[in-house]
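Colleague: Coordinates for the following, if possible.
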Amino acid sequence: MTHRNRYWTSLAVVLAIATLGCRATGFGNRPESPVYDRLKTHIDGIKVINTHEHQGYWEDYSRESCSFYTHLALSYLSADLVSAGAPAFKPDVIDKGDLDALWNMYGRYLDLCRNTGYYGSFRKGFQVLYDFHEPCFTKDNIAVLSGRIHEKYSNPDQWYARAFDRAGFELMFVDTLDDPFDLDLDPRYFAEVFPVFPVVWSAGERRRLTVDTKPVAKDRIEELLFRYCSVYGRTS
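Modeller: Numbering: from 1, shown residues only. The predicted model follows:
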């Protein structure tokens, strides 16, 4: 057998082994697996997922001028637009609610970001909550969406209940790292993650608990501790 023949024979053997390996590991047609199917079914039924999304405060959405651009400015997609060259999002400009002016300012950069992951997830959110099925955002459909957003947020209690149901969320965990003593959360939808270290650190240093250099009221601290202890069945 010549060197060239040995080369092609070896290559054929390697390809045959690789093909068998791909079939065995599930590439292509996945073999039936009761264990996999049970795990997949269980995972699909879990409603709490970790998106690590930074949510805006309710006050940010409760203004009269709440629109598509209000959501855009508070989303990660805004960073994609700025990276593409868009001007920074300023609250006073967004609050004016001039949709034509806002499109002229950000529309071009929104189009440049159509293929980013944040654009896709942002669009998916409107698909789930607003039955938005167009392939991309345009000046015209943004105007329609803005009208619907304003209508929904004019009745927040009713909209929150419907939105959580449609999105499939039961509860959102809120990491209150920036303001560990912020307890103004609606317990029907949100649960704060108790930040132990500010309490331990402050106690160890014998300092008053502060947030942004301002003392935290004693009753606020007691309420936080009571909530934490109640969750674990330890009240004192």
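Colleague: can you give me the strands for the protein?
Modeller: Ranges of strands within the chain are 172-175, 190-193, 210-211, 214-215, based on DSSP state E.
Colleague: If I average pLDDT within each of those strands, which one is lowest?
Modeller: For these, mean pLDDT drops lowest on strand 210-211, to a mean of 52.
Colleague: The closest residue to Phe89 other than its chain neighbours - how many residues pack around it?
Modeller: In this structure, Phe89 finds its nearest non-sequential neighbour in Ala73, 4.0 Å apart by Cβ to Cβ, 6 or more residues apart in numbering. The C-beta positions use only the backbone N, C-alpha and C, and glycine is treated the same way. Ala73 has 22 neighbours, counted by other Cβ atoms under 10 Å.
Colleague: swap in the one 5 residues further on?
Modeller: For Ser78, the tally of surrounding residues (other Cβ under 10 Å) stands at 21.
Colleague: quick one, what contacts it?
Modeller: 72, 89 (Cβ atoms under 8 Å, 6 or more residues apart in numbering).
Colleague: Helices along this structure, start to end?
Modeller: For the chain, helices defined by DSSP state H occupy the ranges 3-25, 34-44, 58-61, 68-73, 77-83, 91-95, 99-112, 117-130, 139-153, 156-167, 196-204, 218-231.
Colleague: packing partners for the fourth one?
Modeller: This points to helix 68-73. The contact analysis (3 or more Cβ pairs under 8 Å, 6 or more residues apart in numbering; DSSP states H and E) places helix 68-73 against helix 58-61, helix 91-95, helix 99-112, helix 139-153.
Colleague: Averaged pLDDT, the first one. What do you get?
Modeller: The average of the pLDDT scores along helix 58-61 is 64.
Colleague: Then the second one?
Modeller: For helix 91-95, mean pLDDT rounds to 88.
Colleague: tell me what that helix is packed against?
Modeller: By 3+ Cβ pairs under 8 Å, 6+ apart, helix 91-95 packs against helix 68-73, helix 99-112.
Colleague: mean pLDDT lowest for which of the ones you listed?
Modeller: helix 68-73 (a mean of 93).
Colleague: one step back: and the helices and strands packed on helix 68-73: which comes nearest Tyr189?
Modeller: Closest to Tyr189 of the helices and strands packed on helix 68-73, according to Cβ to Cβ: helix 58-61, at 10.7 Å.
Colleague: circling back: make JSON lines from the helices and strands packed on helix 68-73 and add distance to Gln127 and mean neighbour count to it.
Modeller: Below are the helices and strands packed on helix 68-73 laid out as JSON lines (distance: least, Cβ to Cβ, whole Å; neighbours: other Cβ atoms under 10 Å):
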{"stretch": "helix 58-61", "distance to Gln127": "19", "mean neighbour count": "13"}
{"stretch": "helix 91-95", "distance to Gln127": "23", "mean neighbour count": "15"}
{"stretch": "helix 99-112", "distance to Gln127": "16", "mean neighbour count": "16"}
{"stretch": "helix 139-153", "distance to Gln127": "11", "mean neighbour count": "16"}
